[in-house]
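Asker: dropping the sequence and predicted coords here.
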Amino acid sequence: MKITLITVGKTTFDFVKEGMAMYEKRIGRYLSYTKVEIPALQGTSSLSHDEIKEREGELILKKLKSGDRLILLDEKGKRFTSVSWAEHLAKMIDTGCKSIVFVIGGAYGFSSKVRDAASEMLSLSDMTFSHQIIRLFFVEQLYRAMTIIKGEPYHNE
């Protein structure tokens, strides 16, 4: 199984970078993991929010390969407990899904083309978090899911 996390814009907070690096290293023991950062658009002050979403969407879609299962991290997505998320991920792995691409979009969300290409949307909380902080939350939950799947002592019920 190969997991890719695509993000729009760079991570600027050192504590987020450090936390992500720690969990990404741990994730690497279970599956192939890659992070792809799409540079933030420049000169967008004259663009509408929809135009920004469209341009970011084009860059996101260019990163996809045939056979990728696209899952958007979005506040309107499905919510899971950590255990049910692990079960959902395990089902994707067991059904032969070879490549899952998770995307954290820009500040204005996703274009309709990106939404149409997605197989599902995942929400990590009812709360709204910055696009930098949610990166750390996501990789921690991905690591947690893998330890649950493997029956390892990280998650406590």
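Answerer: Here it is on my side, so go on. None of these values were measured; they are calculated from a predicted model.

Asker: contacts and neighbour counts: CA atoms only from here.
Answerer: Noted.

Asker: how about the helices in the protein?
Answerer: 14-27, 49-62, 82-94, 112-117, 133-150 (DSSP state H).

Asker: single out the most deeply packed of those helices.
Answerer: helix 133-150 (a mean of 19; mean count of other Cα atoms under 10 Å).

Asker: residues making contact with that one?
Answerer: 16, 19-20, 23-24, 26-27, 30, 82-83, 85-87, 89-90, 104, 124, 153-155 (Cα atoms under 8 Å, 6 or more residues apart in numbering).

Asker: over to stretch 92-99?
Answerer: Against stretch 92-99 from outside (Cα under 8 Å, 6+ apart): 1-4, 67-69.

Asker: quickly note the distance from residue 12 to residue 57.
Answerer: Using Cα to Cα, to the nearest Å, residue 12 is found at 22 Å from residue 57.

Asker: next: residue 107.
Answerer: From residue 107 to residue 57 the distance is 12 Å (Cα to Cα).

Asker: then residue 45?
Answerer: 18 Å.

Asker: cool, residue 30 as well?
Answerer: For residue 30, the distance to residue 57 - Cα to Cα - is 30 Å.

Asker: how about residue 132?
Answerer: 18 Å.

Asker: ok, residue 149 next?
Answerer: For residue 149 relative to residue 57 (Cα to Cα), the value is 32 Å.

Asker: how about residue 126?
Answerer: Taking Cα to Cα, one finds residue 126 at 24 Å from residue 57.

Asker: one more: residue 11?
Answerer: Counting by Cα to Cα, the gap from residue 11 to residue 57 is 19 Å.
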